[in-house]
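Engineer: prediction below, plus the sequence it came from.
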Amino acid sequence: MSKELAQLIFPHVTLTIEDLNKKYPARKEKMVTRFAPSPTGFLHIGGVYTALINQRMAHQNDGVFFLRIEDTDKKREVAGSKEIILNVFDKLGMKINEGPTLTDKDSGLYGPYTQSLRKDIYHVLAKSLMEKGLAYPCFCTEEELEQIREEQALDKAMPGFYGKYAKYRDITANEAKKLIEAGQEYVVRFRVPNDISSRITFTDLIKGEISMESNNNDIVLLKTDGIPTYHFAHASDDHYMGVTNVIRSDEWLASVPVHIQLFEALGFEVPKYSHVAPIMKLDGDSRRKLSKRKDPESSAEFYLETGYPIKSLFVYLYTLISSNFEEWYLNNLDKDLTEFEFKFENMGVSGPLYDLEKLNSISSEIIYSTPLEQNVSNLLAWAKQYNKEIYTRLNSNLELVYSFFKTQGPDSNEHRKDLYNYSMFLDVFGIFYNDIFVSSDNSFKTELYENIKEEDIPSLAKSFINLFTEIKNGSEKNLKNLCDELGYTNKKKYEKNPELYKGINTQFYHALRIMLTHKSSGISMDDIILILGYDEVIRRISIFA
Ligand code: GLU
């Protein structure tokens, strides 16, 4: 009877389970993991986070990590998504062992690695379930489904498709044939075995032992167009692609009872599950998920576009993933990150808080300790790809770029860490380019006059000019001498006898900084003067004289 039904629904299926078993033999690797994004045109940083766990777990166990594109929801699909994912992975240096490539050809023997191309596999499996009485065609119309919902509301029964509400559960081949001939559409539903126990217990490698109510819902396996639902594709693919460990977002945790039922009904070994909690953000007093709509930092591409060193992003993600990473990292700064060993038991059960300030602080430390040549080449590579204007500017005077980075490294006069990504380059160093300096707004004047009386500025500027002219001509004098000479002293002395002094020394230096940079903070005065050179220093001050 079931065979007849299966033959009626799947007349086109010629392959058998044996054929699939032959085509996709069991793998030898101890651990096989995958990243399985839907092609929505957007790679969330949470996706990179989950992918990273999958990749590191597989690779540290000499296993395989592959990419699978889950495009069964055609309404959500955005063209070019595969390219975005591959491109980001490539830029992040995240090696994928198997999966789609930028050409039409996949790499790996367990493909196709795109679900819409695996339809024949799903149909072989759905047919075999139907033959075993574990699946059936369901002809419910929208109206009938609505009716069931109403009935359940009246009965105060759980919503879903089960028991007496599962109208076509016991449909015969003959009845089905008539409906098909009448042109009625149908889905294929799972027929939940009658003998299931009421609860299911399983071990999640991150969350521990979990006990849940069993599924009694005859879920859809194949939609009206023959495309599988996520649940059915998950069991089919993860089995025939040899996945040992399913490490995925914890929005799927509630579906595990269905998934285990499906693996068992298909006669497949259930993979080990690890559910990863989503990355959260503090919004006022409450926590929420990092949102694609509200938070630019939720996009993986954001980090490439703004020029964070890859290492910075990885150090931060590793910190979020594993509670013991930070300590390891601080003790092993010279080691490659891949030497850190991830363990499921060190991964958090609840979602970590995403904190850009923490990433920025990690990143400024990393830029600071990056060798000069490398920093310059990172900056150029970033600008070449993401900001042609800056790229041209940098190349017009590379010497200048080197002198900037000399102020940011361990050999600098003052150990500054101004940069945490390369796109802030002009915010920090723009003032050294005359066109940017000249076009800065006039708010600096207000700040200047707050410290030094407006009428005193020209004479102070003249004193600066004289000093720098003398220094340029070989004098040993320095700023400190001028500061003393003009009567600026430290705050304490000034406050004790204000009548004896002109002002406080910080006002003196602050005025000079503003004249030279139009900003009230930034890299050290020595570095500013070194980079600008005396002629430019004098030229910039003369505007105030
Ligand atoms: N396509 C699913 C998603 O993007 C994948 C879930 C999984 O990894 O199994 O949520």
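Structural biologist: Yep, it's here.

Engineer: tell me the pLDDT of D411.
Structural biologist: Here, the pLDDT recorded for D411 equals 65.

Engineer: how far away is T101 from S299?
Structural biologist: 23 Å (Cβ to Cβ, to the nearest Å). To be clear about C-beta, it is placed using only N, CA and C from the backbone, and glycine gets the same treatment.

Engineer: out of these two, which sits in the more crowded spot?
Structural biologist: S299 (20 against 15; other Cβ atoms under 10 Å).

Engineer: list the beta-bridge partners for the more buried one.
Structural biologist: H44 (DSSP bridges).

Engineer: got the confidence number for it?
Structural biologist: 97.

Engineer: interface residues of the stretch 301-450 of the chain facing the ligand?
Structural biologist: By Cβ under 6 Å from any ligand atom, no residue of the stretch 301-450 of the chain approaches the ligand.

Engineer: now the strands for the stretch 301-450 of the chain?
Structural biologist: For the stretch 301-450 of the chain, applying DSSP state E, counting those that start in this stretch gives no strands.

Engineer: and if you look at the stretch 151-300 of the chain?
Structural biologist: Counting by DSSP E, counting those that start in this stretch, the strands of the stretch 151-300 of the chain are 187-190, 199-204, 208-213, 220-222, 245-249, 272-276, 280-283, 286-289.

Engineer: so what does the closest residue to the ligand within the stretch 1-150 of the chain look like in phi/psi?
Structural biologist: Per Cβ to the nearest ligand atom, E70 is where the stretch 1-150 of the chain lies closest to the ligand, at 3.6 Å. The phi and psi torsions at E70 (degrees, to the nearest 10) take the values phi -100, psi 90.

Engineer: which residues does it contact?
Structural biologist: Applying Cβ atoms under 8 Å, 6 or more residues apart in numbering to E70 gives the contacts 36-39, 115, 230, 233.

Engineer: now swap in I471 and tell me
Structural biologist: Here I471 is in contact with 477-478, 534 (Cβ under 8 Å, 6+ apart).

Engineer: if we can go back for a sec, how about the strands of the stretch 151-300 of the chain in JSON lines, adding mean pLDDT, mean neighbour count and distance to T319?
Structural biologist: Listed next are the strands of the stretch 151-300 of the chain as JSON lines, based on pLDDT from 0 to 100; neighbours: other Cβ atoms under 10 Å; distance: least, Cβ to Cβ, whole Å:
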{"stretch": "strand 187-190", "mean pLDDT": "98", "mean neighbour count": "24", "distance to T319": "41"}
{"stretch": "strand 199-204", "mean pLDDT": "96", "mean neighbour count": "13", "distance to T319": "22"}
{"stretch": "strand 208-213", "mean pLDDT": "97", "mean neighbour count": "11", "distance to T319": "22"}
{"stretch": "strand 220-222", "mean pLDDT": "98", "mean neighbour count": "23", "distance to T319": "41"}
{"stretch": "strand 245-249", "mean pLDDT": "98", "mean neighbour count": "21", "distance to T319": "18"}
{"stretch": "strand 272-276", "mean pLDDT": "98", "mean neighbour count": "21", "distance to T319": "15"}
{"stretch": "strand 280-283", "mean pLDDT": "94", "mean neighbour count": "15", "distance to T319": "15"}
{"stretch": "strand 286-289", "mean pLDDT": "94", "mean neighbour count": "13", "distance to T319": "18"}
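
Engineer: out of those strands, flag the one nearest P498.
Structural biologist: Minimum separation from P498 across these (Cβ to Cβ) falls at strand 280-283, 45.8 Å.

Engineer: remind me what that closest one packs against, helices and strands.
Structural biologist: If you count contacts as 3 or more Cβ pairs under 8 Å, 6 or more residues apart in numbering; DSSP states H and E, strand 280-283 packs onto strand 286-289.

Engineer: strands paired with the strand it packs on, and their directions?
Structural biologist: Strand 286-289 sits in its sheet next to strand 280-283 (antiparallel), going by DSSP bridges.

Engineer: what's the first helix or strand after the least confident helix or strand in the chain by mean pLDDT?
Structural biologist: None of the helices or strands of the chain scores lower by mean pLDDT, DSSP states H and E than helix 443-451, at a mean of 87. Downstream of helix 443-451, the first helix or strand assigned by DSSP states H and E is helix 457-472.

Engineer: show me what whatever helix or strand comes next after that next one is packed up against.
Structural biologist: Using DSSP H and E, the helix or strand that follows helix 457-472 in sequence is helix 479-486. In terms of contacts (3+ Cβ pairs under 8 Å, 6+ apart), helix 479-486 is packed against helix 457-472, helix 505-517.

Engineer: tell me the buried residues in helix 479-486?
Structural biologist: 479, 482-483, 486 (16 or more other Cβ atoms under 10 Å).

Engineer: what angle do it and helix 505-517 make?
Structural biologist: 120 degrees (axes from the mean of the first three to the mean of the last three Cα atoms, to 10 degrees).

Engineer: how far out from the middle of the chain is helix 479-486?
Structural biologist: 52 Å (Cα atoms, centre = their mean, to the nearest Å).
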